[in-house]
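Engineer: give me coordinates for this.
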Amino acid sequence: MHASEHQIDPVMQVLGLRKSYGPTNALGGVSFQIRPGEVHALLGENGAGKSTLVKILTGVVSPDHGSMTFKGAPYSPRSILQARAAGVTTAFQELSLLPNLTVAENLALPRLLKNWTGLNSDAKSCQAAAATLLRFGLRELNPSTLVSELTLADRQRLEIVRALSHSPSLLILDEPTAVLPSTDWLFDLIKKETAKGTAVLYISHRLNEIRQLCTQATVLRSGCSIKTTDLHDTDDSKIFEMMVGQRMDSKQKQSSDEANKFSNDGPRLRVRGLDAGMVKGLDLDLYPGQIVGLAGLDGQGQCDLFHALYGLIHKRSGTTEIEGKTVTIRSPAEALSAGVQVALLPEERKTQGIFGDLAVRSNIVMSALGRVGSMGFTSRKNERKLATDIAGPVDLQDRYLEFQIKDLSGGNQQKALLGRVLLTGARILLLFDPTRGVDVGTKQALYTAIEDFVRGGGAVLLYSSELAELVRLSDRCLVIYEGRIAAELVGDAIQETALVAAATGHSHHSAGAVA
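Structural biologist: This next block holds a predicted model:
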């Protein structure tokens, strides 16, 4: 932003916002402003207050104290509809689309709810939806398709398009690239919208994206705005220090000696010729004490591979061995059974993982109900002890155990789910994008828990949409392309450029020496 642009009146100004839920202080004083045509970053750990701030800006909740000014007038929306009418829209990280409605019907909401005549994808609504999709560069989406049939990436794109279709003056994007295989479409869209004067509040934990898009960033910590900083004058380590109050942990992944110390035991998991869903003739060896990364563009068969190994979908052909013994996995119960011991951390924590109205402790111990009671009855005391025992290894504070899990930040929800997976006692973990949408501090905590599991002889198959994460964690990395393994990289050969080349079908090779 040029110096002269600082004289432009802000489109949104926030002063001293505070919000408490009982004894929990969600916001303790947040102030910032954003100008027309600006992309302004909002940074902070999970639990720092970002979600509460977004809820206030969009009318989901009201602040206890403080004020907001939007386009020069007092602003106090009481609902998402009021915020949208004023000119504030949001593309949420936890998608708000209705899966049982079509693309066209979702784009037409809330007009269809306001003028209820029944939902349908008639020619007129489909034509209007097609025009909207074309306008924002999504012509490949069929307006008549049910949202439940879309990939997660396409649902995210649709969420963003729906927010933009209302021509907002302020667009809030909450972790918009967490499930996108490429940022090009979104970044081009943001540039076009800001050129027209739209302000964008951009929430992300990916600092490389922040630096590409934003010049200013407001950092939250423990519910307070720590500082609004010029990104050109602030390096990543300083941003991290503002976010967490301490310097970034420079811990590196385990040494090759640690990774290989169990390799003489033979593979814990061996898959040969697996055909399931999109997966075609896939071979896989997973050794104890190793993290095998899985890279690839969205929709190349990653989900089908994880689901087949966990018994969620049936395989057409292929064999699976656990420690040299052939096994058949037709259900999650069989995956978790003695002699198999495979556990899955699912893709979508909100819809596939958490039970929102239950306490955190109950969510954690769900994988070990036989250890907390009998005859269908559970002991709260036993639940609490078991949950407390696993909370430490995943860096989850004990005080959260009695909260309803839906009230926790996404990062703390993910810690609880990883705790549940570890509590199964499984020796093979299938981790699907385990740090998607979590902050840097939570990411470090999850990395530590995963690496501790591996150091104890566990084996991990890890899919991540973040290439840097695969480089950081993987002892070996497989790249999946059109349902097949396109490349295998080992050790120092695991580099982002090589992963990108293989993921786009431009490289079919193995690099490095397999332990």
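Engineer: once you drop chain neighbours, what's closest to the residue nearest the centre of the chain?
Structural biologist: In the chain, the C-alpha closest to the average C-alpha coordinate belongs to R436, at a distance of 2.8 Å (Cα atoms, centre = their mean). Excluding its sequence neighbours, the residue lying closest to R436 (Cβ to Cβ, 6 or more residues apart in numbering) is A178, at 4.9 Å. Yep, even glycine has a C-beta here, placed from its N, CA and C like the rest.
Engineer: now do the SS call for the one you found.
Structural biologist: Three-state call for A178 (DSSP: H, G, I helix; E, B strand; the rest coil): coil.
Engineer: before we move on, the earlier item: what's the helix or strand for the residue nearest to the centre of the chain?
Structural biologist: Under the criterion DSSP states H and E, no helix or strand holds R436.
Engineer: again with the one 10 residues further on
Structural biologist: L446 belongs to helix 440-455 when assigned by DSSP H and E.
Engineer: centre of the chain to that helix, how far?
Structural biologist: In terms of Cα atoms, centre = their mean, to the nearest Å, the centre of helix 440-455 is set 16 Å apart from its chain centre.
Engineer: pull out the buried residues from it.
Structural biologist: Neighbour counts over helix 440-455 (16 or more other Cβ atoms under 10 Å) mark 440-447, 449-451, 453-454 as buried.
Engineer: pLDDT on it, on average?
Structural biologist: Mean pLDDT, helix 440-455: 92.
Engineer: next one: stretch 150-163
Structural biologist: 92.
Engineer: contact partners for L158?
Structural biologist: With contacts defined as Cβ atoms under 8 Å, 6 or more residues apart in numbering, L158 is in contact with 97, 103, 106-107, 138, 141, 147, 150.
Engineer: highest neighbour count among these?
Structural biologist: Highest neighbour count within the contacts of L158, by other Cβ atoms under 10 Å: V103, with 29 neighbours.
Engineer: ok, back up a step: can I get the contacts of L158 in CSV with distance to I364 and secondary structure?
Structural biologist: Shown next, in CSV, are those (distance: Cβ to Cβ, whole Å; DSSP: H, G, I helix; E, B strand; the rest coil):
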residue, distance to I364, secondary structure
L97, 29, coil
V103, 37, helix
N106, 34, helix
L107, 38, helix
L138, 39, coil
L141, 38, coil
V147, 31, helix
L150, 31, coil
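Engineer: how close does the nearest residue to L408 once chain neighbours are set aside get to A338?
Structural biologist: Excluding the flanking residues, the one nearest L408 by Cβ to Cβ, 6+ apart is Y400, at 6.0 Å. Distance from Y400 to A338, counting by Cβ to Cβ, to the nearest Å: 32 Å.
Engineer: which of the two has more neighbours?
Structural biologist: Remark: of Y400 and A338, Y400 carries more neighbours, 21 against 6, as counted by other Cβ under 10 Å.
Engineer: surely that one touches V360?
Structural biologist: Yes. Y400 is in contact with V360 according to Cβ atoms under 8 Å; the separation is 5.3 Å.
Engineer: what helices or strands is the helix or strand hosting K238 leaning on?
Structural biologist: Using DSSP H and E, K238 sits in helix 236-244. Here helix 236-244 is seen to pack against strand 39-43, strand 216-221, strand 224-230, helix 440-455 when contacts are counted using 3 or more Cβ pairs under 8 Å, 6 or more residues apart in numbering; DSSP states H and E.
Engineer: in JSON lines: the ones you listed, plus distance to A501.
Structural biologist: Output for these, formatted as JSON lines (distance: least, Cβ to Cβ, whole Å):
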{"stretch": "strand 39-43", "distance to A501": "30"}
{"stretch": "strand 216-221", "distance to A501": "32"}
{"stretch": "strand 224-230", "distance to A501": "36"}
{"stretch": "helix 440-455", "distance to A501": "26"}
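Engineer: closest one to K124 among those?
Structural biologist: strand 39-43 (35.2 Å; Cβ to Cβ).
Engineer: export the closest one as PDB, just CAs?
Structural biologist: Provided in PDB are the C-alpha atoms of strand 39-43 (Å, rounded to 0.1, in the frame of the first residue of the first chain):
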ATOM      1  CA  VAL A  39      -6.000  -7.300   1.700                       C
ATOM      2  CA  HIS A  40      -5.400  -7.300   5.400                       C
ATOM      3  CA  ALA A  41      -4.100 -10.400   7.200                       C
ATOM      4  CA  LEU A  42      -5.500 -11.600  10.500                       C
ATOM      5  CA  LEU A  43      -3.000 -13.800  12.300                       C
END
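Engineer: what does the helix or strand following the helix holding L446 rub up against?
Structural biologist: Moving toward the C-terminus from helix 440-455, the first helix or strand encountered (DSSP H and E) is strand 459-463. Identification of contacts with strand 459-463 by Cβ under 8 Å, 6+ apart yields 268-269, 284, 286-296, 302, 306, 309, 427-434, 450, 453-454, 470, 473-474.
Engineer: among those, which are in strands?
Structural biologist: 269, 284, 286, 291-295, 428-432 (DSSP state E).
Engineer: between these, which is nearest W185?
Structural biologist: Distances from the ones in strands among the contacts of strand 459-463 to W185 were compared by Cβ to Cβ; the smallest belongs to A295, at 20.2 Å.
Engineer: tell me, how many residues neighbour the residue nearest to R436?
Structural biologist: Counted with other Cβ under 10 Å, A178 comes out at 21.
Engineer: do I have it right that it meets F92?
Structural biologist: No. At 11.2 Å, A178 does not count as touching F92 under the criterion of Cβ under 8 Å.
Engineer: which of the ones in strands among the contacts of strand 459-463 sit farthest apart?
Structural biologist: Taking Cβ to Cβ, no two of those sit farther apart than A295 and I428, at 19.3 Å.
Engineer: Q93 is in contact with I172, isn't it?
Structural biologist: No. The criterion here is Cβ under 8 Å, and Q93 misses it with I172 at 10.5 Å.
Engineer: overlap in contacts of the two?
Structural biologist: The contact lists of Q93 and I172 share I203, where a contact means Cβ under 8 Å, 6+ apart.
Engineer: distance of E334 from V342?
Structural biologist: Separation of E334 from V342 (Cβ to Cβ) stands at 9 Å.
Engineer: who's more crowded, the two?
Structural biologist: V342 (28 against 15).
Engineer: partner residues bridging that one?
Structural biologist: I428 (DSSP bridges).
Engineer: pretty sure it sits against Y310.
Structural biologist: Yes. Judged on Cβ under 8 Å, V342 makes contact with Y310 at a distance of 6.2 Å.
Engineer: tell me where the model's unsure across the stretch 1-150 of the chain.
Structural biologist: Low-confidence segments of the stretch 1-150 of the chain (pLDDT under 70): 1-7, 23, 46, 94, 110-122.
Engineer: pLDDT weak spots in the stretch 351-500 of the chain?
Structural biologist: Applying pLDDT under 70 to the stretch 351-500 of the chain picks out residues 351, 353, 367-379.
Engineer: okay, domains of the protein per the record?
Structural biologist: Split into domains by automatic domain parsing, the chain comes to 3-244, 250-341+426-515, 353-423.
Engineer: make JSON lines out of these and add distance to E347.
Structural biologist: Converted to JSON lines, the domains of the chain look like this (distance: least, Cβ to Cβ, whole Å):
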{"stretch": "domain 3-244", "distance to E347": "7"}
{"stretch": "domain 250-341+426-515", "distance to E347": "5"}
{"stretch": "domain 353-423", "distance to E347": "9"}
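Engineer: counting neighbours, what do you get for T24?
Structural biologist: When neighbours are counted by other Cβ under 10 Å, T24 comes out with 11.
Engineer: what's across from it in the sheet?
Structural biologist: Residues in beta-bridge contact with T24 (DSSP bridges): Y21.
Engineer: any idea how far it lies from S62?
Structural biologist: From T24 to S62 the distance is 16 Å (Cβ to Cβ).
Engineer: again with A130
Structural biologist: 38 Å.
Engineer: out of these two, which sits in the more crowded spot?
Structural biologist: A130 (19 against 11).
Engineer: noted, bye for now.
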